[in-house]
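**Student:** A structural model of the following input is requested.
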Amino acid sequence: MEAMTPNPNRWWTLGCVSIATFMLLLDITIVNVALPPIQRDLHASFSDLQWVVDAYALMLASVLLVSGSVADIIGRRRVFVIGLILFSAASLFCGLATSPTMLTLARALQGIGGAMLFATSLALLANAFSGRDRATAFGVWGATIGGAVAIGPLVGGALTDSLGWEWIFFVNVPIGVAAAFVTVAKVDESKDPHPGGVDWFGAILFSGSLFMLVFALIRGNEEGWSSTQIVALLVGSLVAMIAFVAVEMRASNPMLDLTLFRKPAFVGASVVAFALSAAMFSMFLYIVLYIQNVLGYTPFEAGVRFLPLSLTSFFVAPVAGRLASRFQARVLLGGGLVVVGIGLLLMNGISDDSDWTTLLAGFIVAGAGVGIVNPNLAQAAIGVVEPRKSGMASGINTTFRQVGIATGIAALGAIFQSRVQDKVVAALANSPVAGHAADIAHGVSAGGGQQVLGSVPAQSRGLVEQAAKHAFVSGLNELFVIGAVVAFAGALLAFVLVRQEDFVGHARQSAETPAEVPA
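**Tutor:** Residues are numbered from 1 along each chain as shown. Purely as a prediction, here's the structure:
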C-alpha cells in the first residue's frame, strides 16, 4: 500500500540528511590534517590537541542517545534543524577561536549538534521512504558516509594550505544554514506516538564518567598517576559508571537499554565498534603529527598520503557489504579487525630516516580492514535486536565508536608522552644538557619541540633535535603495536560473541537457505 502513495518530499529528505551527514563526518576527518597548523597558530600543547578531537567525540557520545529520546517527543525534524543550526554556529566559533580553550569548547558544542544530527538522520529517512526506495535511500546515505571519510583529509589539507585552518570550520556555516532552511520547508515532521521520558540523570552520569576518565588519562603524566587529583578522577569515573548502570537497570525509559546486552552478539558488535575506533581511528592524530611535524609535509601533502587508506576503505566497503549474505557476521567483523591489526603491524618499524612510504603497505591493508568491518558492523548492531529497538541499537553502536575514539586518543597519548620523555632523557643522559634533560623531555612530549630547541645552547640543538625525532618515532612504533593488540583482542571477542543464532529471523533464514550461512 505504501508504495502507491510515496512521500512527495522523500528525495528532499534524503538530500538534507545526506548533506548534514557529509558535513559532520567530513568535519571529523578534516580536522586531523589541520592539527599541526592549529598547534602552531594557537600555541597549543599536545594535550590541547587531544582535547580538540576528544571534546567532539565525548559530547557526541554523551548526547547521542538523549537526543534520540528528545526527538521522539518534540519531533525529529525539529531536533535535526536545531542540530544543524548548533553545528553551524559552533563551526563559526571554531574558526574564530583565538585560544586552545575556546576551540575545545566550540568543538564540544559541535559534538552536541552532531549528536542531534546522528540521532535523527535514520529516523527521518525511515519516515520518508518505504519499500525499495528505503533501501536505495539507506544505500545513498551509506555511500555519503564513505565519501566523507575518503576525501576528508584531502579537503582538509587543501583548505588549510590555501585559506588557513579556520576555513575547515567556516565552510560548514553556509552549508548548514541552507540545509536548515530546506529541511524546514521540505522535510516532514515525525514523532513517536508513544514516547517515553528523557533519562537526564543517566545522561549526566554517563557523560560525567567519560569526562573524568579522559581528563585523568590526558593529565596523568603531567600531574603524576598517583597524585590525589588523578586518583580521585579515576575513582570518580568508576563510581559514576557504576551508578549509571544501576540507574539504567531501574529506569522505565533508560538512555541505554541494558537488556540489549543480554545477547552476546550485541555485546560483540559493541566491542568491535570500540576496538576499531580505539585501535585505528584514534591513531590518526599521531600519524598526522608524524607526517607533518617530523617528515615536514604540508597539510595537503599529508592528506594526499592518507588517500591509500581512505580510498581502499571506500572501495572495499560495498564489496564487503555484499559478502554478508555468504559469510557469518563474526567472520567479517573478526576477520576485518585481524586485517586492521596486521595493517598496524606493517606500519610499525619506521626509523629515523624513513619516509612516508614506510607506512604505505600498512595504510592499504588497514584500509581494507576498515572497509570490511564498517558496513557489516552497522548491519550486525541492528540485526540482533527487534525492529522497534533498531534506533536504540544503532545509537549505542555509534556511542561505542565515539567512546573508543575519545578514550583511545587519551590512553595512547598517555603512553606516547611517557615513552617520549623516557627516550629523550636517556638520549641526553651524557650530553652537555643532561641537567635539563627532564625539562627538555617534558617540552618535547607536550608538543613544544620548536620552543625547546630555541631554548637550548646552539651547540646542543642538533643533538636535542635528533633525540626528539628518535623519541617520537620510537613512541609511534609502540603505539602501532598497542593498536594492533587492541584490534586482535576485539577480533577474538567478535569470533566468540557474535553468534549467528542471536540474529533476528536467523532460524527462519537458516531453515530456508541453510547453504548460505557457512558453519
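**Student:** for this protein, which spans come out with low pLDDT?
**Tutor:** Counting by pLDDT under 70, the chain shows low-confidence ranges at 1-4, 135, 195-196, 387-388, 433-436, 442-459, 504-519.
**Student:** any idea how far D27 is from the closest residue to T298 other than its chain neighbours?
**Tutor:** For T298, the nearest residue in space outside its immediate sequence neighbours is D161; the separation is 5.4 Å by CB to CB, 6 or more residues apart in numbering. In short, each C-beta sits where N, CA and C put it, glycine included. Distance of D161 to D27, given as CB to CB, to the nearest Å: 18 Å.
**Student:** where's the closest residue to F300 other than its chain neighbours, which helix or strand?
**Tutor:** Taking CB to CB, 6+ apart as the measure, F300 lies nearest to G157, with 3.5 Å between them; neighbours along the chain are not counted. Remark: G157 resides in helix 131-162, with elements defined by DSSP states H and E.
**Student:** go through that helix and flag the buried ones.
**Tutor:** By neighbour count, and taking 16 or more other CB atoms under 10 Å as the criterion, the buried residues in helix 131-162 are 133-134, 137-138, 141-142, 144-161.
**Student:** wait, S394 sits on A380?
**Tutor:** No - the criterion here is CB atoms under 8 Å, and S394 misses it with A380 at 10.8 Å.
**Student:** between these two, which is the more surrounded one?
**Tutor:** A380 (28 against 21; other CB atoms under 10 Å).
**Student:** roughly how far does that one sit from M280?
**Tutor:** Between A380 and M280 the computed distance is 18 Å (CB to CB).
**Student:** then R322?
**Tutor:** Between R322 and M280 the distance is 23 Å, computed by CB to CB.
**Student:** the two: who's more crowded?
**Tutor:** M280 (28 against 9).
**Student:** which element is the nearest residue to V288 once chain neighbours are set aside on?
**Tutor:** Beyond its immediate neighbours in the sequence, the residue positioned closest to V288 (CB to CB, 6+ apart) is N32, lying 4.9 Å away. In this structure, N32 sits in helix 10-41 according to DSSP H and E.
**Student:** can you pull out the helices in the stretch 101-250 of the chain?
**Tutor:** Assigned by DSSP state H, counting those that start in this stretch, the stretch 101-250 of the chain shows helices spanning 131-162, 167-170, 172-186, 200-223, 228-250.
**Student:** tell me what angle the last one forms with helix 200-223.
**Tutor:** Right, the one you point to is helix 228-250. Orientation note: helix 228-250 sits at an angle of 160 degrees relative to helix 200-223 (axes from the mean of the first three to the mean of the last three CA atoms, to 10 degrees).
**Student:** again, but for the first one
**Tutor:** Calculated by the same axes, to 10 degrees, helix 131-162 forms an angle of 30 degrees with helix 200-223.
**Student:** which strands and helices sit next to helix 131-162?
**Tutor:** For helix 131-162, the contact count by 3 or more CB pairs under 8 Å, 6 or more residues apart in numbering; DSSP states H and E identifies helix 10-41, helix 100-128, helix 167-170, helix 299-322, helix 360-383 as packing neighbours.
**Student:** on that earlier part again, ok, the residue nearest to T298 - contacts?
**Tutor:** Residues in contact with D161, defined by CB atoms under 8 Å, 6 or more residues apart in numbering, are T298, P299, F300.
**Student:** quick one: the first one and G362, what's the gap?
**Tutor:** Shown here: T298 relative to G362, a distance of 22 Å by CB to CB.
**Student:** the two: which is more packed in?
**Tutor:** In this comparison of T298 against G362, neighbours counted by other CB under 10 Å, the higher total goes to G362 at 24 against 16.
**Student:** now do the contacts for the residue nearest to F300.
**Tutor:** With contacts defined as CB under 8 Å, 6+ apart, G157 is in contact with V33, A34, T298, P299, F300, E301, A302, G303, V304.
**Student:** among the residues you listed, who's most crowded?
**Tutor:** Neighbour-wise, the contacts of G157 (other CB under 10 Å) top out at V33, 34 neighbours.
**Student:** measure the residue nearest to T298 to E301 for me?
**Tutor:** As judged by CB to CB, D161 and E301 stand 8 Å apart.
**Student:** now do Q500
**Tutor:** When CB to CB is applied, the distance between Q500 and E301 equals 45 Å.
**Student:** next: V338.
**Tutor:** Distance, V338 to E301, using CB to CB: 31 Å.
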